[in-house]
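J.: I'll drop the sequence and a predicted model, then ask my questions.
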Amino acid sequence: MVHQVDWVHICCIAASLLIASNVWFYLRVLRPIRQLSGQAAQLTSGKLDSFEQASTGIAEIRELSRAMAGMVGHVRRAQDQNRAYTERLADSLENERRRIARELHDDVVQSTVAVTQGIDLAKNWVQTDPERAVKLLQAAREQAVTVVNSLRELIGGLRPPALEELGLVAALKMHVDKLTPQIFQLHIEGTPRRLDEPRELTLFRAAQEALSNVIRHSGAAHAEVTLAYGELAVLLTVRDDGRGFQFPDQLGDLAFKRHYGLIGMQERVSNLGGSLKIDSAIQRGTVVQVSLPTMTTQPEHLVRDPVCSALIEPRQAYGSTVYASETYYFCCPVCQGAFQKEPELYRPLLPNGATDRSIRG
């Protein structure tokens, strides 16, 4: 009888443990997973606030929930940055159209009207006073030359003719020569060569924007532009000894402060698979470096996103990053942003475990 009672107690204890374990498993694992699955389903439908509610459950589930909430935060931030940049880009385009229209109307159109009026007056004096007619024609010719020069300056501001005709080095030299020679200097390293049009234009616009920032914001006494031609890449460096600035954690944060030049620079560089690196500190000057690969080949086979491990075709990838002499492809801006911010987190997928703090495109 005693043995019967012991078995009953053992069965009761076992049943209690089984029930308790099932309840614990439901409360700490199954229900949180269902909650996480529901939040993920809401996220796919566009509800970015679905992960605002903290998840319960075991530590692994809570960590997964925090990671997904962080990813949602990256998406939101990227959307906000992109929205601010897009709005500013639209405003800039409209302002540029307005400026061109004003310059054409106030300068070119008015001068052209004066030229035609001068020619008409000269026609009236051809028979009766030829000398006066010649003077009027000479004045009209001088005004026509002024119109041509104005149009050349306007066209040069939109797209420098020297860039297409003479190449990047000549265009940069002409641009630097227009600035104060005592402050700005241009250095060429390596053997210069012509690049394809998008790369030369990107490097020129990057130098133009960096030098414009030096003039408007840095108060520098000296600035150097160095263009270094390597075998596989071209490196542009703009260095000044100005007052510098506090660089944000993410370049996109500059959009919230209405500073869009560097963001536009990064967009141009990243579209060509290059990298942008900015080093600045208060009273320590600023260094802007742009590196563009001159030879780009895409693998024909599927590649793996180093962040989310998704298999993607290189030609359909959202973007790519050159890192430690390797090219990595990304399925979305969130993965690319996560990789750029903390590449050491993805060390197993990186060659030799290298780390790099550059802002990669």
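T.: Ah, there it is.
J.: mind giving me the domain ranges of the protein?
T.: Per automatic domain parsing, the structural domains of the chain span 2-57, 91-158, 167-294, 297-361.
J.: export those domains to CSV and tack on mean neighbour count, distance to A69 and mean pLDDT?
T.: Every residue, glycine included, has its C-beta placed from N, CA and C. As requested, those are exported to CSV (neighbours: other Cβ atoms under 10 Å; distance: least, Cβ to Cβ, whole Å; pLDDT from 0 to 100):
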stretch, mean neighbour count, distance to A69, mean pLDDT
domain 2-57, 12, 4, 71
domain 91-158, 13, 33, 80
domain 167-294, 17, 18, 83
domain 297-361, 16, 13, 68
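J.: Let me know which of the ones you listed is the nearest to L64.
T.: domain 2-57 (6.8 Å; Cβ to Cβ).
J.: Now do the same for R284: helix, strand or coil?
T.: coil (DSSP: H, G, I helix; E, B strand; the rest coil).
J.: Over to the one 5 residues further on?
T.: The three-state label given to Q289 by three-state DSSP is strand.
J.: Just to check, it is in contact with A233?
T.: No: between Q289 and A233 there is no contact under Cβ atoms under 8 Å: 11.3 Å.
J.: quick one on the thing from earlier: got the domains of the chain as a markdown table, with distance to R76 columns?
T.: As requested, the domains of the chain are exported to a markdown table (distance: least, Cβ to Cβ, whole Å):
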| stretch | distance to R76 |
| --- | --- |
| domain 2-57 | 6 |
| domain 91-158 | 23 |
| domain 167-294 | 12 |
| domain 297-361 | 10 |
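J.: Give me the packing partners of the helix or strand hosting L211, helices and strands only.
T.: Assessed by DSSP states H and E, L211 sits inside helix 197-213. Applying 3 or more Cβ pairs under 8 Å, 6 or more residues apart in numbering; DSSP states H and E, one finds that helix 197-213 contacts helix 161-165, helix 168-178, strand 223-229, strand 233-240, helix 261-271, strand 286-293.
J.: if we go to 6 Å?
T.: Using 3 or more Cβ pairs under 6 Å, 6 or more residues apart in numbering; DSSP states H and E, the elements in contact with helix 197-213 are helix 168-178, strand 233-240, helix 261-271, strand 286-293.
J.: so can I have JSON lines of those showing distance to L104?
T.: As requested, those are arranged in JSON lines below (distance: least, Cβ to Cβ, whole Å):
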{"stretch": "helix 168-178", "distance to L104": "22"}
{"stretch": "strand 233-240", "distance to L104": "32"}
{"stretch": "helix 261-271", "distance to L104": "25"}
{"stretch": "strand 286-293", "distance to L104": "33"}
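J.: Indicate which one of those is closest to P333.
T.: helix 261-271 (10.2 Å).
J.: Which is the succeeding secondary structure element to the closest one?
T.: Next element after helix 261-271 (DSSP H and E): strand 275-280.
J.: rewinding a little: and of the helices and strands packed on helix 197-213, who's closest to L36?
T.: helix 261-271 (32.7 Å).
J.: and that closest one, what other elements does it pack with?
T.: Right, helix 261-271 is packed against helix 197-213 by 3+ Cβ pairs under 6 Å, 6+ apart.
J.: Next, the angle from the helix it packs on to strand 233-240.
T.: With axes from the mean of the first three to the mean of the last three Cα atoms, to 10 degrees applied, the angle from helix 197-213 to strand 233-240 works out at 10 degrees.
J.: Residues in contact with helix 197-213: which ones?
T.: 163, 168, 171-172, 225, 236, 238, 261, 265, 268, 272, 288, 290, 292 (Cβ atoms under 6 Å, 6 or more residues apart in numbering).
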